[in-house]
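J.: My questions are about this predicted structure, shown below with the sequence.
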Amino acid sequence: MAGDTGMAGKVALLLWAQTLGLAGAQTTQLLVEPPWTPAVQWDTVTLTCQGSGTAGATAWYRNGRQLWQEDSDQLTVTESGTYTCDRAGSGLSPSVRVLNDWLVLQVPAWPLLEGDTVTLRCRGSEDESVTSVSFYREKKKLWGLRDVPELSLSPLELHHRGRYHCRGKVDYWGWKWRESAPVTVTVHELFSVPVLEGPPEVTEGSPLTLSCLSTPSPLRPRAPLLHLFYRDGQLVGGPQGSPQLLVPAVGVSHSGNYSCQVWSEGGTVQKSSARLGVTVRRVPPSGVSLSAQPPGGQVALGDSLVLSCAVAAGTGPLSFTWHRGGLGGTAGHRPPPGAVGHWGQ
């Protein structure tokens, strides 16, 4: 089975190291090429020590004991063991295992995020043939016997986290059953569960802005995300790149339970917010005034008199009731939604 994954793996590892640096991590990082963990001795394994401090001032350790090595940032591995490096200014790196076992289960060495396509490789020593392969997660079998020594986790999800190992027959001086050492699969969130923020109450006719807030992983901060908005389970906005939903002027019909979803590009990762109840309140009428035409309301018998009832503030449809002489029995008039009612006599 080929050990070199090509330029894509190298770029992923370099971006990982750069991201850690941008995030403020000043610890030493130990990169492995080919980018698989654990590494295997029968590959041509190169370790690169990255960190702050003076270039070339690097110390290498195998199984806790310092190796004789010219002050180089790279080390070509010739023996199995656990390797670390140390750079003045950023300290000791995390360790990298290099195995020389009969059967080894390998995981990509770069950070694994939700939605990625990931393959685990079950490899025989010196790349000898492996058959009848079984994969296990937390010691529970995932697959029956197979002839393909690979396990695909696609798309990767958070529940794929755990310790895996494989078992199979290795053709090395005769077919024999072998079992790999366990390897840990760590899955990082691509983005956090969104939180929908906005006012629980808003006045009719006012604008409404809802924000769907989700934090992308620092390991992939520029991952494109889509936002969708729902009211009472019905889509009312998106999919869109913007995390905000703007309603220029709300009505009573905009009341309801709102939620939002965030999708990764292609929709392989989808996360939903909790619901946010929004109530649209009407403003009760105020500032009611009465005017007459002609002014003063003095007219001769038989002439026309127009009375106008005006409302200074209030939302929603209005109805006007007219009273004469303080008596309750009067004519009523309901005009179209507006603020002025007229009565002519």
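T.: Okay, I see it.

J.: is it true that residue 59 touches residue 72?
T.: No. Under the criterion of Cβ atoms under 8 Å, residue 59 is not in contact with residue 72, lying 10.6 Å apart. Any C-beta I mention is one placed from the backbone N, CA and C, and that applies to glycine too.

J.: So which of these two has more stuff around it?
T.: residue 59 (15 against 12; other Cβ atoms under 10 Å).

J.: Within the helices and strands, which one has the residue lying closest to the more buried one once chain neighbours are set aside?
T.: Excluding the flanking residues, the one nearest residue 59 by Cβ to Cβ, 6 or more residues apart in numbering is residue 86, at 4.4 Å. Per DSSP states H and E, residue 86 falls inside strand 81-87.

J.: I'd like to know which elements that strand is packed against.
T.: Judged by 3 or more Cβ pairs under 8 Å, 6 or more residues apart in numbering; DSSP states H and E, strand 81-87 is in contact with strand 29-33, strand 46-50, strand 58-62, strand 91-92, strand 96-99.

J.: Paired strands for the helix or strand that comes right after the last one, with orientation please.
T.: Next in sequence after strand 96-99, counting helices and strands by DSSP H and E, comes strand 103-108. Taking DSSP bridges as the criterion, strand 103-108 forms sheet pairs with strand 36-37 (antiparallel), strand 118-124 (antiparallel).

J.: Which residue, other than its chain neighbours, is closest to residue 152?
T.: Here the residue nearest residue 152, using Cβ to Cβ, 6+ apart, is residue 119, at 5.2 Å.

J.: And the pLDDT for residue 301?
T.: Confidence at residue 301, expressed as pLDDT, is 75.

J.: returning to what we had before: my guess is the residue nearest to residue 152 contacts residue 151. True?
T.: Yes. With contact defined as Cβ under 8 Å, residue 119 counts as touching residue 151 (7.0 Å).

J.: okay, these two: which has more neighbours?
T.: Between residue 119 and residue 151, counted using other Cβ under 10 Å, the more crowded position is residue 151 (22 against 12).

J.: Now for the nearest residue to residue 154 once chain neighbours are set aside: which residues touch it?
T.: What sits nearest to residue 154 in space, not counting adjacent residues and going by Cβ to Cβ, 6+ apart, is residue 117, at 4.3 Å. Neighbouring residues of residue 117 by Cβ atoms under 8 Å, 6 or more residues apart in numbering: 152-156.

J.: How about residue 232?
T.: Counted by Cβ under 8 Å, 6+ apart, residue 232 has contacts 256-257.

J.: Look up how far residue 270 lies from it.
T.: To residue 270, residue 232 is 19 Å away according to Cβ to Cβ, to the nearest Å.

J.: can you pull the contacts of the residue positioned nearest the centre of the chain?
T.: The C-alpha lying nearest the average C-alpha coordinate of the chain belongs to residue 191 (Cα atoms, centre = their mean; 2.0 Å). By Cβ under 8 Å, 6+ apart, residue 191 lies in contact with 214-217, 223, 225, 262, 264, 269, 271.

J.: Narrow these to those that are buried.
T.: 214, 216-217, 223, 225, 262, 264, 269, 271 (16 or more other Cβ atoms under 10 Å).

J.: Next up, phi/psi of residue 125, please.
T.: Dihedral pair for residue 125: phi -50, psi 140, per degrees, to the nearest 10.

J.: That one is in contact with residue 173, isn't it?
T.: No. In this structure residue 125 lies outside contact range of residue 173 using Cβ under 8 Å: 10.5 Å.

J.: In terms of pLDDT, where does the residue nearest to residue 59 sit?
T.: For residue 86, the predicted pLDDT is 88.

J.: Just give the number of residues close to it.
T.: 18.

J.: Adjust the sequence numbering to begin at 14 for everything that follows.
T.: Okay, using 14 as the starting number, the last item reads as residue 99.

J.: Pull up the gap between it and residue 173, please.
T.: From residue 99 across to residue 173, the span is 33 Å (Cβ to Cβ).

J.: How about residue 278?
T.: 20 Å.

J.: Also residue 91?
T.: When residue 91 is compared with residue 173 (using Cβ to Cβ), they lie 34 Å apart.

J.: same check, this time on residue 85
T.: 37 Å.

J.: ok, residue 278 and residue 173, which is more surrounded?
T.: Set residue 278 next to residue 173 and count neighbours by other Cβ under 10 Å: residue 173 wins out with 18 against 11.

J.: In contact with the more buried one, which residues are there?
T.: 131, 166, 198, 200.
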